[in-house]
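Novice: Here is my input, please return the structure:
(chains A, B and C)
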Amino acid sequence: MLQNALYFFLFISTMLFLFYKTKQHLLVLFFAGLLFMAFIQWRAIPLLLLNSLFAFYLAQKIADSTTRKNTFFILGIAALLVQLVLFKLFVFSEQSLTGFSFESLAFTLGFSFYTLQNIAYLFDVKIGRILPEEKALLYVVSASYFPKILCGPVVTFQQMKKHFIATPVFKEENLIAGINRFALGAFKKLVIADRLAPMTTAVFDSTDTFSGFTSLFAGLIFTLQVYFDFSGYVDMALGISRMFGITLPENFATPLGSLSITQFWRRWHITLMQWLTQYVYYPVSYWFRKNMFLSALFGIVITLLFSAFWHGLGLTFLLWAFCHIAYLTIELLAQKANFKLPKAITYFLTILAVSFANLFFRSPDFVTAKKITGEIFSLQSFWPSDWLSQFVAVFGRGAELNDLFNFYLSWTFALVFLLFENRINSRSNSEKFSVFWLATMILLILVFGIFSGGEQFIYSRF
Amino acid sequence: MLKKTLILILIVVVAGFAVDRFFHFGLLHNLNLKATYVTEGKIATNVLVDGPCEPLFTIDPAYLQPKIGKTVYNLSLNHSDFADNFLHIHLYLKNNSAPQYLFLYATPESFDTRFNTFHPYRFAAYLEDSIVASTIADNDSVYAAWMKLPLLRYTYFGSQLTFPAFQGWKHWMENKETPYFVNGHQPHPSARSLENPLHFEVQLDEYGNKPEDASNKSFVWDKKREKYFRKILQIAQSKRIKVVVYESPGYSGILKTQANRKEVLQKIKNTAEEYQVPYWVFDSLPTGDKKINFICPLIMNSSASKEFMDTLALRINKLR
Amino acid sequence: MERVEILRKIELVITDFFNLKNFVCAESTSAADIEGWNSFSHLPLMSKIEEAFSLRFSFIEITDFNTVGDIVNCIQKKLSGI
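Specialist: Just a heads-up that it's a prediction; the model follows:
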């Protein structure tokens, strides 16, 4: 970690210098992408290049051909989807055979993310929304752009292209804003997410039995953990990108403050949802748009099923999707009947529902998911009979004073952050150099960060 | 921007240094940390007991002392390996007069890396000591890089050290003289009623999930463990301490399923004999036959511990 | 049809569709301004507008509308083309 941090700093500074100083900014980004991937796993490079060049050439074929447009289009989408299915199958079998390991997947680094971009590109060219790109380099760079390669955000080619065609001009405020945002991401990941991680492991990766409330609470902790982990990564990605003067789309809009599941899905993993809306839901439901309810219901089902598939082939992801399908359908019906609840209650219900669904999302296999839901619905043992040993000690991983201290400290960080999230976010987006902000972030990370957490991001496996 | 950057660096460095000192001072004054308590140099005991959780939970000096007419201090720490024990003994001997006897707990598990480990954070406040530093570098190469950095040498193990640092300041302000566990013995956490073998079934899993699978149950002898085992014997003998290596009774229902336990016991005996150190094994005691006597395969409950200490005392009294 | 007329007609459709009160539509109005106008209701709403003007939007047109102004442009183009 120590070395990696140093290498990363050197890498970014060198690339920034070359990006602004040489006239070849695309080439610089191209090699930066290769270098970045090579550092993590060089085996991932061929797949990325092949995949992107395939989409690039096929798009030209689609545009040029008059008679076989559809054939080429279907061929391209099918090839990409088959790859995606194979990839997910591979992850799935890997997971069920030997337990999940990041190492075995390394050669598919970022695969799910750039494949989505390639599919969108073929689609947009096919319907004539955009013209096919003529420069192969520009297209490949848009796919291999290193800040987003690990875990997104999901972007479209046109979103990237507009940044790449202009000659970059160095602006101090971009650098400062980028650093501010990066600091926030590192804080979220190292101080909050990685402190919560052992708490979820204690419940989900254990064969012990827990009281129902403890299990449900583990779902809530995981919800927080995955939010801070993923959004922390996105903050860092957006921050780094901003230093290069390139604004990537936002992926989260304070989702944990949502008052309904519908709202939650508009604020959570936004770029994936936009992709699903644009390239899965709209094309299909365009045909029966006259019927509001049917169209909405169909949209919910297809979007979430595809999302479940995108996350993985396991039954657990399917159950996660079914939970959300049920939630959204209920909300749709409630909306139709004009049924409303007070805000405090809908807030509570939303976070509860999301956490419950996440029990399936986080469970390593179906058996664990079944065990955990069984505990929740066994009504006689729902509340822990002894709070210290059956609740605090589980998450604190022990009941010594030190464990209790860590338990409460981690919670304090997460809750205080959520309470002031809007204010913190606007600070992190500031273009002003604030000694106070940066000193606070750096010191909090240095003092309270977890540096032995393994440097993995939850979403780099999807 | 340059000026602000300089101010930022200055603030981070100054504040970082201040927090570093906060940790350092706190840890140096936290008497509940055995490394700190032994460096106070106030123990002066006749018998020193060391090892992992088994002696920590089972050897109660308050019970043993009157039986042998000697003062006893229990230096054991949960989950510690020989390198861990070695550093504690080193710090003890550096700051206290040498005891008459050292009782070192060793079983086949002690020489197998699947059991127990080294805890560098226990020594974070003593990195200036060259033996501490080199032992850490030998056992944890990752932390060896971090321990050279001010502040990060403590916060790398933040979840282990932040609370003890605060507690140390409290001890200092209260002028505390003795640690929470005065003579180093600590009752088993699930043993507010020690007679109740709480986690027995779960603990058995540590030996492999399938009882019929003997391959899980043969021990692998680790060279590094052996190295620190020898270092302990050497450092003790250099101070003319009489060393006894011993094994307390374990639950025979489990022990007899372990393929090479006997051979490894012999190997420990042979290694100890190179230093003319005896190896006391108590596997013929009836204590080991009853599951009810145990909290987990190697840890006895309090009544069985007392029985064992009675036997141990008899043997100690024969030592001359 | 004049732009203003088209805008007023769209305003009526939107008001009716979302059960709004005192809703005033501007060319800059977008989905973000109206509660309930989300991806699920977008297509049905467009289909209501299609009915009101007796025309048909293509897939790209529907999915590329960002503001009411975009819709007005598109309708104006289609109507003047007839």
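Novice: Give me the distance between the closest residue to A:L224 other than its chain neighbours and A:M199.
Specialist: Among residues not flanking A:L224 along the chain, A:A414 sits closest, at 5.3 Å (Cβ to Cβ, 6 or more residues apart in numbering or on different chains). (C-beta placed from N, C-alpha, C; glycine too.) Separation of A:A414 from A:M199 (Cβ to Cβ, to the nearest Å): 10 Å.
Novice: got it, and A:S295?
Specialist: Separation of A:S295 from A:M199 (Cβ to Cβ): 41 Å.
Novice: for A:S65, same thing?
Specialist: 56 Å.
Novice: Neighbour count for the two, which is higher?
Specialist: Neighbour tally, A:S65 and A:M199, criterion other Cβ atoms under 10 Å in any protein chain shown: the higher count belongs to A:M199, 23 against 13.
Novice: where's the more buried one, which helix or strand?
Specialist: Assessed by DSSP states H and E, A:M199 sits inside helix A:194-204.
Novice: Return the alpha-carbon coordinates of that helix using PDB.
Specialist: C-alpha atoms of helix A:194-204 as PDB (Å, rounded to 0.1, in the frame of the first residue of the first chain):
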ATOM      1  CA  ASP A 194     -12.800  -0.100   5.400                       C
ATOM      2  CA  ARG A 195     -13.700   0.300   9.100                       C
ATOM      3  CA  LEU A 196     -17.200  -1.100   8.400                       C
ATOM      4  CA  ALA A 197     -15.900  -4.000   6.300                       C
ATOM      5  CA  PRO A 198     -14.900  -6.300   9.200                       C
ATOM      6  CA  MET A 199     -18.300  -5.800  10.700                       C
ATOM      7  CA  THR A 200     -20.100  -7.200   7.700                       C
ATOM      8  CA  THR A 201     -17.600 -10.000   7.400                       C
ATOM      9  CA  ALA A 202     -18.300 -11.000  11.000                       C
ATOM     10  CA  VAL A 203     -21.900 -11.800  10.000                       C
ATOM     11  CA  PHE A 204     -22.000 -12.700   6.400                       C
END
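Novice: Mind checking what helix or strand follows that helix in sequence?
Specialist: Immediately after helix A:194-204, counting by DSSP H and E, sits helix A:212-243.
Novice: Return the list of helices and strands in contact with that following helix.
Specialist: Packing partners of helix A:212-243 (3 or more Cβ pairs under 8 Å, 6 or more residues apart in numbering or on different chains; DSSP states H and E): helix A:2-21, helix A:146-149, helix A:172-187, helix A:194-204, helix A:343-362, helix A:366-377, helix A:393-396, helix A:401-419.
Novice: Now do the third one: distance to the chain's middle.
Specialist: In terms of Cα atoms, centre = their mean, to the nearest Å, the gap separating the centre of helix A:172-187 from the centre of its chain is 19 Å.
Novice: neighbouring contacts of that helix?
Specialist: With Cβ atoms under 8 Å, 6 or more residues apart in numbering or on different chains as the contact definition, helix A:172-187 has outside contacts at A:16, A:231-245, A:424-425, A:427-434, A:437-438, A:441-442, A:444-445, A:449, B:1.
Novice: Which parts of that helix count as buried, going by neighbours?
Specialist: Of all the residues in helix A:172-187, those buried under the rule 16 or more other Cβ atoms under 10 Å in any protein chain shown are A:174-187.
Novice: A:L138 is in what secondary structure piece?
Specialist: Residue-wise, A:L138 maps onto helix A:136-144 under DSSP H and E.
Novice: Which residues does that helix contact?
Specialist: With Cβ under 8 Å, 6+ apart as the criterion, helix A:136-144 contacts A:26-27, A:29-30, A:33-34, A:37, A:48-49, A:51-53, A:55-56, A:114, A:117-118, A:121, A:133, A:155, A:157, A:160-161, A:164-165.
Novice: Just the ones in helices from those residues, please.
Specialist: A:26-27, A:29-30, A:33-34, A:37, A:48-49, A:51-53, A:55-56, A:114, A:117-118, A:121, A:157, A:160-161, A:164-165 (DSSP state H).
Novice: the helices in the stretch 51-200 of chain B, which residues?
Specialist: B:53-58, B:61-68, B:82-95, B:130-139, B:141-146, B:152-155, B:158-173, B:200-204 (DSSP state H, counting those that start in this stretch).
Novice: Compute the inter-axis angle for the fourth one and helix B:82-95.
Specialist: For helix B:130-139 and helix B:82-95, the angle between their directions (axes from the mean of the first three to the mean of the last three Cα atoms, to 10 degrees) works out to 180 degrees.
Novice: helices or strands up against helix B:130-139?
Specialist: helix B:82-95, helix B:141-146, helix B:223-238.
Novice: and the last one, average pLDDT?
Specialist: Model confidence over helix B:223-238 averages 96 on the pLDDT scale.
Novice: which parts of it are buried?
Specialist: Residues of helix B:223-238 classed as buried by neighbour count (16+ other Cβ under 10 Å): B:R225, B:E226, B:Y228, B:F229, B:R230, B:K231, B:I232, B:L233, B:I235, B:A236.
Novice: Show me the two of the residues you listed that sit farthest apart.
Specialist: B:R225 and B:A236 (16.9 Å; Cβ to Cβ).
Novice: count of residues packed around residue 32?
Specialist: Defaulting to chain A. What A:A32 shows, counting by other Cβ under 10 Å, is a neighbour count of 23.
Novice: wrong one, chain C
Specialist: Neighbours of C:A32 using other Cβ under 10 Å come to 11.
Novice: so where's chain A uncertain?
Specialist: A:93-109, A:453-456, A:458, A:461-462 (pLDDT under 70).
Novice: Walk me through the domains of it.
Specialist: The record's domain split for chain A, according to automatic domain parsing, is A:25-168, A:174-461.
Novice: what's near enough to touch A:F366?
Specialist: A:G314, A:L315, A:T316.
Novice: now those: which count as buried?
Specialist: A:G314, A:T316.
Novice: Secondary structure for the contacts of A:F366 - can I get that in TSV?
Specialist: Below are those laid out as TSV (DSSP: H, G, I helix; E, B strand; the rest coil):
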residue	secondary structure
A:G314	coil
A:L315	helix
A:T316	helix
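Novice: Now distance to chain C too, for the contacts of A:F366, in a markdown table please.
Specialist: A markdown table is the format used below for those (distance: Cβ to the nearest Cβ, whole Å):
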| residue | distance to chain C |
| --- | --- |
| A:G314 | 27 |
| A:L315 | 27 |
| A:T316 | 26 |
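Novice: want to try TSV for the contacts of A:F366, with distance to B:S97 as columns?
Specialist: Output for the contacts of A:F366, formatted as TSV (distance: Cβ to Cβ, whole Å):
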residue	distance to B:S97
A:G314	63
A:L315	66
A:T316	61
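Novice: just curious, which of the contacts of A:F366 is nearest to A:I192?
Specialist: A:T316 (24.7 Å).
Novice: Next up, the contacts around the residue nearest to the closest one when sequence neighbours are not counted.
Specialist: Excluding the flanking residues, the one nearest A:T316 by Cβ to Cβ, 6+ apart is A:F360, at 4.7 Å. Counting by Cβ under 8 Å, 6+ apart, A:F360 touches A:T316, A:F317, A:L319, A:W320, A:C323, A:A369.
Novice: Next up, the contacts around the fifth one.
Specialist: Under the criterion of Cβ under 8 Å, 6+ apart, the contact partners of A:C323 comprise A:A353, A:F356, A:A357, A:F360.
Novice: Once you drop chain neighbours, what's closest to the second one?
Specialist: It stands for A:F356. Sequence neighbours aside, A:G219 is the residue nearest to A:F356 in space, at 5.9 Å (criterion: Cβ to Cβ, 6+ apart).
Novice: neighbours of that neighbour, just the number please.
Specialist: If we define neighbours as other Cβ under 10 Å, then A:G219 has 25 of them.
Novice: Next, the angle helix A:343-362 makes with the helix holding A:M199.
Specialist: 70 degrees.
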